[in-house]
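Student: Prediction below, plus the sequence it came from.
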Amino acid sequence: MKSIFPILFIDCGDTLCDESTEVRDVPGGVVKQASLFPGAEDALREIHAMGVPIVLVADGLEDSFAYILRHVRTVFDGWVTSETVGEEKPSARMFEAAMKELSLKEIDKPRILMVGNNTRKDIAGANRFGITSVLADYSPRYDMTPHAPEQEPDYLLHDIRELPTLIRSLTLPYRELTKEDDAALAALIRDNLKAHKLDIPGTVYFDDGLDHLSDFYQKDGRKYFVFLGEKNEVIGGIGLAEFPPFDRCAELQKLYLDDSVKGNGLGYEMIRLVEEEAYRLGYRQMYLETHTNLEAAIHIYERAGYQEIARPQGVVHGAMNRFYRKEYLIQ
């Protein structure tokens, strides 16, 4: 079993490091002595061991953070400070630089958590930038009360040792479809279609093979992944199969999610996963068909780089009325 992990952007002062313990060479100068909060080092190492990318996003001097974090420097995959960027949070340039450290794209934003202790800088900056905000509220040195809607965090941490648990709660396991998943997946698909008034002929709702999808996806050049909830139940799925009308083209098929996990950016990660698998299988472009009723899905497809096209030949589900293509898959 594999998992889709969040991406962690994290502040330092009064988030990882207790600023009350800092000693500087001169006022406003480089930190020469400081202590991490209890459990901070273990939390970072645990998150790193999960495979979660970690980027420092902090206001201050490079040499200060190099000293403060010297014992955990190897857990960081990226390192962004206001000294090198030339601006402080909440500037978008700080978060853009952090994304550049990991070569992230716009569709990666739903996966990113920004953890910090300052509602005006960390939380407002993250919310403006469109990433998830997490307020570390355990320092007594700052006002933790939001004074504007943009200062409202998505999550609260009362202790840095809670961070690995939060990361796990936002980590989604997945695996390839098996026969044991067929019934649950078929029910999920039918529920979604019925909710959007697409339980009609000409959709997958009435496909003869809907209750036995694992048989279809066992063939070469096809793949289907199911995503699992806390109790190992199927909460989503996405697949691909050949689409002969276009050269070396795979069709993105049956992207469905349970209502409990909609709206958190998971759809983008599912598309990324299936595109990577398509590329591995030798495909170099993607096609999909959908329906006007599925507005949220269309929004995701368009943001993920799919361009609307005219109805092609070879459409199997006659009720579908929107068609999209991504001509270049890049590994």
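Tutor: On my side now, so go ahead. Here the structure is a predicted model, which is why all the values come from computation and not from measurement.

Student: buried ones in whichever strand or helix holds Lys100?
Tutor: Here Lys100 sits within helix 92-101, counting by DSSP states H and E. Within helix 92-101, the residues scored as buried using 16 or more other CB atoms under 10 Å are Met94, Phe95, Ala97, Ala98, Met99, Glu101. (Glycine included, C-beta is placed from N, CA and C.)

Student: of all those residues, which comes closest to His317?
Tutor: Met99 (37.2 Å; CB to CB).

Student: ok so, going back, for the buried residues of helix 92-101, which one is nearest Pro153?
Tutor: When those are compared against Pro153 (criterion: CB to CB), the nearest one is Phe95, at 15.4 Å.

Student: Now the closest one: closest residue in space that isn't a chain neighbour?
Tutor: Phe129 (4.5 Å; CB to CB, 6 or more residues apart in numbering).

Student: Then Asp25?
Tutor: Per CB to CB, 6+ apart, closest to Asp25 is Lys32, 5.3 Å.

Student: thinking again about what came up before, can you tell me how far the residue nearest to Phe95 sits from Glu275?
Tutor: Distance, Phe129 to Glu275, using CB to CB, to the nearest Å: 24 Å.

Student: do you know how far the residue lying closest to His212 once chain neighbours are set aside is from Ile235?
Tutor: Nearest non-adjacent residue to His212, counting by CB to CB, 6+ apart: Asp182, 5.7 Å away. Counting by CB to CB, the gap from Asp182 to Ile235 is 15 Å.

Student: higher neighbour count, the two?
Tutor: Ranked by neighbour count (other CB atoms under 10 Å), Asp182 and Ile235 place Ile235 first, with 23 against 18.

Student: Mind splitting this structure into its structural domains?
Tutor: Annotated domains of the chain cover 2-169, 173-326 [automatic domain parsing].

Student: show me where pLDDT drops low in the protein?
Tutor: Along the chain, segments meeting pLDDT under 70 span 330-331.

Student: From the centre of it outward, give me the first residue you hit.
Tutor: Arg111 (2.4 Å; CA atoms, centre = their mean).

Student: Hmm, Glu269 and it touching each other?
Tutor: Yes: with contacts counted by CB atoms under 8 Å, Arg111 reaches Glu269, the gap being 6.4 Å.

Student: shared neighbours of those two, anything?
Tutor: Residues touching both Arg111 and Glu269 (CB atoms under 8 Å, 6 or more residues apart in numbering): Ile4.

Student: residues touching Gly209, list them.
Tutor: Residues in contact with Gly209 (CB under 8 Å, 6+ apart) are Asp215, Phe216.

Student: Could you measure from it over to Ala278?
Tutor: Gly209 is 21 Å from Ala278, where distance means CB to CB.

Student: now Arg128
Tutor: 34 Å.

Student: Equivalent analysis for Asp211, please.
Tutor: For Asp211, the distance to Ala278 - CB to CB - is 25 Å.

Student: of those two, who's got more company?
Tutor: Higher neighbour count among Asp211 and Ala278: Ala278, with 25 against 13, using other CB under 10 Å.

Student: Apart from its neighbours in sequence, what residue is nearest the more buried one?
Tutor: In space, and not counting its chain neighbours, Ala278 is closest to Ala250: 4.2 Å by CB to CB, 6+ apart.
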